[in-house]
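Visitor: can't give you the sequence, but here's the structure:
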């Protein structure tokens, strides 16, 4: 018995809940699928699946094997992808989605370099702050900025960005510099409405104690560039990621306040639907971006 193939067949039956649908997905017959599952059960000496005329369900032994088999199959696919990425010429269209501000500031300058290295790849880059469904919308890869990880997808962390509280010098001259959290009650903010922290700022001190401060907003936007523009015009305090406001802080256009407190950091992630059958072009793009953001990212450099 080809044990790896048996694991693949068994996992497909579990994922699709049907011997017939598994056979269609694997481009084989239902009889072959049944044979592989029977041989695997006989080899292990235990029943893996409960079968009725309507549905297929896992036994306790089946649950344990499925979790391990799925991991093994993903690791094998990952090893194959690593080998193919180093030996196969990447070519064809690569559909990629990224957030608007990050895509313009930090990804757009990288695309020419990637194309120079891999001239057979055609990039199709879509910028949107909306969270896309990679499978449903046909994307090969997405860059996401998240505190919540990759969700149901596979993710690789490329870098991290700090969220910082700041305001323009003009605003601080008019309203004063907040020194303590209590001082924030005398200030207004421009809120980033896509975040659960829009008006509820969870600020953590050096001892690890977190206090949630309610802020009164004079304006909200679901776009970080718009929030930044309002802050530059002196309309209020903001928190925004260092990848967006780092240059403003270095140039003095914005001034960081309450630097002894921190907000939750965010990860820059490359995500894709699965490790299985990962194409050379996707693997090369992920490795390329990881290389560009290795060490101190550009937005943190002085």
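Guide: Structure received. For clarity, every value in this text was computed on a predicted model and none was experimentally measured. Numbers count the residues shown, from 1 in each chain.
Visitor: For the protein, which segments count as strands?
Guide: In the chain, the strands defined using DSSP state E lie at 49-51, 56-58, 92-98, 121-127, 141-146, 154-161, 163-167, 188-192, 200-204, 210-214, 216-221, 238-241, 255-256, 266-272.
Visitor: Mean pLDDT, distance to residue 178 and mean neighbour count added to these, as JSON lines?
Guide: Where you see a C-beta, it was placed from the backbone N, CA and C, and this is true even at glycine. Output for those, formatted as JSON lines (pLDDT from 0 to 100; distance: least, Cβ to Cβ, whole Å; neighbours: other Cβ atoms under 10 Å):
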{"stretch": "strand 49-51", "mean pLDDT": "87", "distance to residue 178": "62", "mean neighbour count": "14"}
{"stretch": "strand 56-58", "mean pLDDT": "88", "distance to residue 178": "56", "mean neighbour count": "16"}
{"stretch": "strand 92-98", "mean pLDDT": "92", "distance to residue 178": "34", "mean neighbour count": "18"}
{"stretch": "strand 121-127", "mean pLDDT": "94", "distance to residue 178": "34", "mean neighbour count": "15"}
{"stretch": "strand 141-146", "mean pLDDT": "90", "distance to residue 178": "26", "mean neighbour count": "21"}
{"stretch": "strand 154-161", "mean pLDDT": "87", "distance to residue 178": "23", "mean neighbour count": "18"}
{"stretch": "strand 163-167", "mean pLDDT": "97", "distance to residue 178": "8", "mean neighbour count": "22"}
{"stretch": "strand 188-192", "mean pLDDT": "97", "distance to residue 178": "11", "mean neighbour count": "23"}
{"stretch": "strand 200-204", "mean pLDDT": "96", "distance to residue 178": "11", "mean neighbour count": "16"}
{"stretch": "strand 210-214", "mean pLDDT": "96", "distance to residue 178": "10", "mean neighbour count": "12"}
{"stretch": "strand 216-221", "mean pLDDT": "96", "distance to residue 178": "13", "mean neighbour count": "15"}
{"stretch": "strand 238-241", "mean pLDDT": "96", "distance to residue 178": "12", "mean neighbour count": "24"}
{"stretch": "strand 255-256", "mean pLDDT": "98", "distance to residue 178": "11", "mean neighbour count": "14"}
{"stretch": "strand 266-272", "mean pLDDT": "91", "distance to residue 178": "23", "mean neighbour count": "22"}
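Visitor: Those: which one's closest to residue 67?
Guide: strand 56-58 (9.9 Å; Cβ to Cβ).
Visitor: in its sheet, what does the closest one sit against?
Guide: strand 49-51 (antiparallel) (DSSP bridges).
Visitor: Rebuild the strands of the chain as TSV, extending it with distance to residue 24.
Guide: Output for the strands of the chain, formatted as TSV (distance: least, Cβ to Cβ, whole Å):
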stretch	distance to residue 24
strand 49-51	18
strand 56-58	15
strand 92-98	26
strand 121-127	30
strand 141-146	27
strand 154-161	24
strand 163-167	47
strand 188-192	46
strand 200-204	49
strand 210-214	51
strand 216-221	47
strand 238-241	45
strand 255-256	58
strand 266-272	24
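Visitor: tell me the domain ranges of this protein?
Guide: 3-86, 88-161+266-300, 163-256 (automatic domain parsing).
Visitor: and the gap between the closest residue to residue 263 other than its chain neighbours and residue 200?
Guide: Residue nearest to residue 263 in three dimensions, not counting chain neighbours: residue 163, with 3.9 Å by Cβ to Cβ, 6 or more residues apart in numbering. Here residue 163 is placed at a distance of 13 Å from residue 200 (Cβ to Cβ, to the nearest Å).
Visitor: where in the stretch 201-302 of the chain is pLDDT low?
Guide: 274-278, 302 (pLDDT under 70).
Visitor: number of nearby residues for residue 75?
Guide: 11 (other Cβ atoms under 10 Å).
Visitor: Can you give me the pLDDT of it?
Guide: Looking at residue 75, its pLDDT reads 70.
Visitor: Can you check the distance spanned by stretch 92-110, start to finish?
Guide: 18 Å (Cα to Cα, to the nearest Å).
Visitor: hang on, the earlier thing: residues in contact with the residue nearest to residue 263?
Guide: 239-242, 262-266 (Cβ atoms under 8 Å, 6 or more residues apart in numbering).
Visitor: Recalculate using a threshold of 10 Å.
Guide: By Cβ atoms under 10 Å, 6 or more residues apart in numbering, residue 163 lies in contact with 147, 192, 195, 197, 201, 239-242, 244-245, 262-266.
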